[in-house]
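Asks: next come a sequence and a model predicted from it.
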Amino acid sequence: QVQLVESGGGLVQPGGSLKLSCVVSGFTFSNYAMSWYRQTPGKERELVASINGGGGRTIHVDSVKGRFTISRDNVKNTVFLQMNSLKPEDTAVYYCNAGWRSPLYAYWGQGTQVTVFS
């Protein structure tokens, strides 16, 4: 049974930083690319970043490039999203899922809320 447990969100002022974590179980973590997504009310979930199974290849969407960094720890079955220089438009619920640039599983965890406010 696949489980995706996101954490690390919170309230932060513009320019601040947060580090999100997603602990995974139910599949062989190191065999799969992982991605972070985000969603705001009334909008579709959008891709933020992806990382391949070995961790050596990443992509970040243009809106977060240079500010966010995806990484992973294959021993701890955890994928991370380091978010720096946060902006109000980064406010969203953040989710992780397996897969490169598109979600592999229909199941989603509860997500973690990130709110950037002045």
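Replies: Yes, it's here.
Asks: is the residue positioned nearest the centre of the chain in a bridge, and if so with what?
Replies: Closest residue to the average C-alpha location of the chain: Trp36 at 2.8 Å, with CA atoms, centre = their mean. Bridge pairing for Trp36 (DSSP bridges) gives the partners Ala49, Cys96.
Asks: ok, now how distant is it from Val79?
Replies: Trp36 sits 7 Å away from Val79, going by CB to CB, to the nearest Å. Where C-beta positions appear, they are placed from N, C-alpha and C, glycine not excepted.
Asks: shared neighbours, these two?
Replies: Common neighbours of Trp36 and Val79 (criterion: CB atoms under 8 Å, 6 or more residues apart in numbering): 22, 70, 96.
Asks: with distance to Leu4 as extra columns, can I get these in a markdown table?
Replies: Supplementary listing: the shared contacts of Trp36 and Val79 in a markdown table, determined by distance: CB to CB, whole Å:
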| residue | distance to Leu4 |
| --- | --- |
| Cys22 | 6 |
| Ile70 | 15 |
| Cys96 | 5 |
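Asks: can I get the buried part of these as one PyMOL selection?
Replies: The buried subset of the shared contacts of Trp36 and Val79, as determined by 16 or more other CB atoms under 10 Å, is captured in PyMOL by this line:
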select buried, resi 22+70+96
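Asks: and of the shared contacts of Trp36 and Val79, the nearest to Ser85?
Replies: Nearest to Ser85 among these: Ile70, at 15.6 Å, using CB to CB.
Asks: can you show me the CA trace of stretch 41-51 as PDB?
Replies: Extracted in PDB, the C-alpha atoms of stretch 41-51 (Å, rounded to 0.1, in the frame of the first residue of the first chain):
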ATOM      1  CA  PRO A  41      -7.900  26.600  -4.400                       C
ATOM      2  CA  GLY A  42      -9.800  26.500  -7.800                       C
ATOM      3  CA  LYS A  43      -6.700  25.600  -9.700                       C
ATOM      4  CA  GLU A  44      -5.300  22.300 -11.000                       C
ATOM      5  CA  ARG A  45      -2.300  20.700  -9.200                       C
ATOM      6  CA  GLU A  46       0.900  21.800 -11.000                       C
ATOM      7  CA  LEU A  47       4.400  20.300 -11.100                       C
ATOM      8  CA  VAL A  48       7.100  22.000  -9.100                       C
ATOM      9  CA  ALA A  49      10.100  19.800  -9.500                       C
ATOM     10  CA  SER A  50      11.200  16.200 -10.300                       C
ATOM     11  CA  ILE A  51      14.200  14.100  -9.400                       C
END
